[in-house]
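Peer 1: Please find the sequence and the predicted model below.
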Amino acid sequence: MQTKWKMTPYLFLLPAIILLTVFFFIPFFQTIIYSFQDYSKDIYNPVFGTLSNYKALYHSPIFIKSILNTFYFLLLTTPFLVVFPLFLAILINQKIRGKNLYKLIIYLPVVVSIVVVAIAFKWLYAPNGLLNYFMEVFNLPAIDWLSSPNVAMASVAMVTVFKGVGYYMMIYLASLMSVPKELYEAAEIDGASEFRKHITVTIPHLMPTIALVSTISAISALKVFVEIYVMTKGGPLDSTKTVVYYIYERAFENLDIGLASAACVVLLLIVMVFSIINILCFERKKYGL
Amino acid sequence: MRHFKGFLIHTILILVCFLCLLPFLWLTSTALKGPMENIFQYPPVFIPEDFTFENFRLVLALVPIVGYAINSFIVAFFTVILNLIFSALAAYPLARMNFGGKNLVFFGILATIMVPFQAIMLPIYIITLKLNLVDSYSNFQGYLGLILPFAVNAFGIFLLRQAFLAIPKELEESAVIDGCNALQIFFKVLLPLIKPSLAVLAIFTFIGSWGEFLWPSIILTKDALYTLPVGINDLQGAFSANYRLIAAGSMISIVPIVIFFVSLQKYFIQGSTEGAVKG
């Protein structure tokens, strides 16, 4: 039977392999090749085998800044996206009315296009917009949400958090269902308070999920683009310029293929570290490893 | 004590829900304000004083938002269909057959998960141009250029592979004894059994494709093929001063996806339990 079906597995795989080759493997290797090509003398006949692009990146203050900005953005978003959705999931997982409505509303920003969310926030952030009005109500000074280089990145991060909370909450809710009820009952018999129960039972049980949410939210933070494109275009003073935005500018505005590709390779290496940790440590089951 | 706890939980959740809805409520409020009302007045006013639906009518008349929505739908629909077919086809031998190079294929597909699209989009763009899959040739080629780079997704392949692995082997063996060939077994016996996973893959692919901004904004040259995110972003330039129209257009643009989400909500919850595919 094995011999009779010899061709079958390959035929089943063929469409996927063709598409992945054309739209993944070839571009992947091209990115690496481009990054070692010098386009500065003749854009049509680049010279291969040079590190000039990487040297240029290394000496580019804007690129270095975009790397630092990206990690700053990661630190602004990931801790919040790990902790707050967990808190919400624990609240919603209680015996309360209107559970489904809460889930629905909190998940809503996840399905709405990030472009619309970013446009809406741009107005909320306006100098005499709604947020500054709330600040005034609470007797706080007005903030230049998007026009101050010190604040702009945090303002963008807030949009990413807004868009992501529901997504991670659902992941937590799914794994909360697997916490054995007996553990809570045992803790109750021991006289543990509500808070104590979650510290001793829920959190340890959810550790794998917490780790998973940390890595996937970190990976998506490293890839941030649309929020920045719609709201700040990397400004003011490059304060919200991230790696992907830098790549976008080099590749599609300056048409600097070599430099853009070298930046792509750097991004690739950073993301791969996180992805490998994620796949090997937290998602083995999902991929059947 | 119990009552207090319940009260506290509801208070927090209601506050969070309010914050989740706030940007959309503010867009709606702006969209419903007429020309007699200053939308930047301070302090801000939530309930429109000069209430009107005119902005919605006007933006629909000035901008082909319905056309953008149709484009988004065409792209998302075919991206879903191709993903379902190609992922299922690829997942089956990876779950069930032994063949030379299986490990190479398996880890090759797994490797694609680690590489972000943004890091390789420049060569993808150049290849798509060289294959003439651009809207400057024809609308059909334009759609292909929007769809094909996303027509198969490693997340989908692994999701369906896990689903195939959960099916007992005996089912296939009895189908072989009944004289079915590989294709018949695949379509008649196995695919119906993994329907729930197919539904999850379909919904998350749809949401991802519907919201995609970066790729269409790079590859499209004509606004005839604009998808909703690109078209809505473009409103900002077109009506730079008229926030009422931008707000109205934005709110119209989210109606289809919200209806889609609310009517299929149970699959979203199920998707999260299966280790959802990130849109």
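Peer 2: Right, received. Where do you want to start?
Peer 1: other SSEs contacting the helix ranked longest in chain B?
Peer 2: Identified as the longest helix of chain B according to DSSP state H is helix B:65-96. If you count contacts as 3 or more Cβ pairs under 8 Å, 6 or more residues apart in numbering or on different chains; DSSP states H and E, helix B:65-96 packs onto helix A:8-20, helix B:102-114, helix B:139-147, helix B:154-165, helix B:195-211, helix B:228-238, helix B:243-263. (Glycine included, C-beta is placed from N, CA and C.)
Peer 1: Tell me the buried residues in the third one?
Peer 2: Of the residues in helix B:139-147, those buried under the neighbour-count criterion (16 or more other Cβ atoms under 10 Å in any protein chain shown) are B:Q141, B:G142, B:Y143, B:L144, B:G145, B:L146, B:I147.
Peer 1: who touches that helix?
Peer 2: Helix B:139-147 has contacts (Cβ atoms under 8 Å, 6 or more residues apart in numbering or on different chains) with B:71, B:74-75, B:78-79, B:82, B:128, B:131-136, B:215-216, B:219-220, B:222, B:224-225, B:227.
Peer 1: could you check the angle helix B:195-211 makes with it?
Peer 2: Here the directions of helix B:139-147 and helix B:195-211 differ by 110 degrees (axes from the mean of the first three to the mean of the last three Cα atoms, to 10 degrees).
Peer 1: May I have helix B:139-147 as CSV, with CA atoms only?
Peer 2: Provided in CSV are the C-alpha atoms of helix B:139-147 (Å, rounded to 0.1, in the frame of the first residue of the first chain):
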residue,chain,number,x,y,z
ASN,B,139,-8.5,44.0,-11.4
PHE,B,140,-8.3,40.2,-11.5
GLN,B,141,-4.5,40.3,-11.3
GLY,B,142,-4.8,42.9,-8.6
TYR,B,143,-7.0,40.6,-6.5
LEU,B,144,-4.5,37.8,-7.0
GLY,B,145,-1.7,40.0,-5.8
LEU,B,146,-3.7,40.7,-2.6
ILE,B,147,-4.7,37.1,-2.0
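Peer 1: Can you check what angle separates that helix from helix B:65-96?
Peer 2: 50 degrees.
Peer 1: among the contacts of helix B:139-147, which ones are buried?
Peer 2: For these, buried by 16+ other Cβ under 10 Å: B:71, B:74-75, B:78-79, B:82, B:128, B:133-135, B:215-216, B:219-220, B:225, B:227.
Peer 1: Nearest to A:G129, out of the helices and strands packed on helix B:65-96?
Peer 2: Of all the helices and strands packed on helix B:65-96, it is helix B:243-263 that lies closest to A:G129, at 10.8 Å by Cβ to Cβ.
Peer 1: Can you pull up the most central residue in chain B?
Peer 2: B:I207 (2.0 Å; Cα atoms, centre = their mean).
Peer 1: how far away is that residue from B:I109?
Peer 2: 22 Å (Cβ to Cβ, to the nearest Å).
Peer 1: One more: A:A120?
Peer 2: 38 Å.
Peer 1: Poorly predicted segments of the stretch 51-200 of chain A, please.
Peer 2: Along the stretch 51-200 of chain A, no part satisfies pLDDT under 70.
Peer 1: At which residues are the helices of it located?
Peer 2: For the stretch 51-200 of chain A, applying DSSP state H, counting those that start in this stretch gives helices covering A:52-58, A:61-92, A:99-111, A:114-124, A:130-137, A:152-176, A:181-189, A:194-197.
Peer 1: what pLDDT, on average, does the helix or strand just after the last one get?
Peer 2: Toward the C-terminal end, the helix or strand that comes next after helix A:194-197 (DSSP states H and E) is helix A:203-222. For helix A:203-222, the mean per-residue pLDDT is 90.
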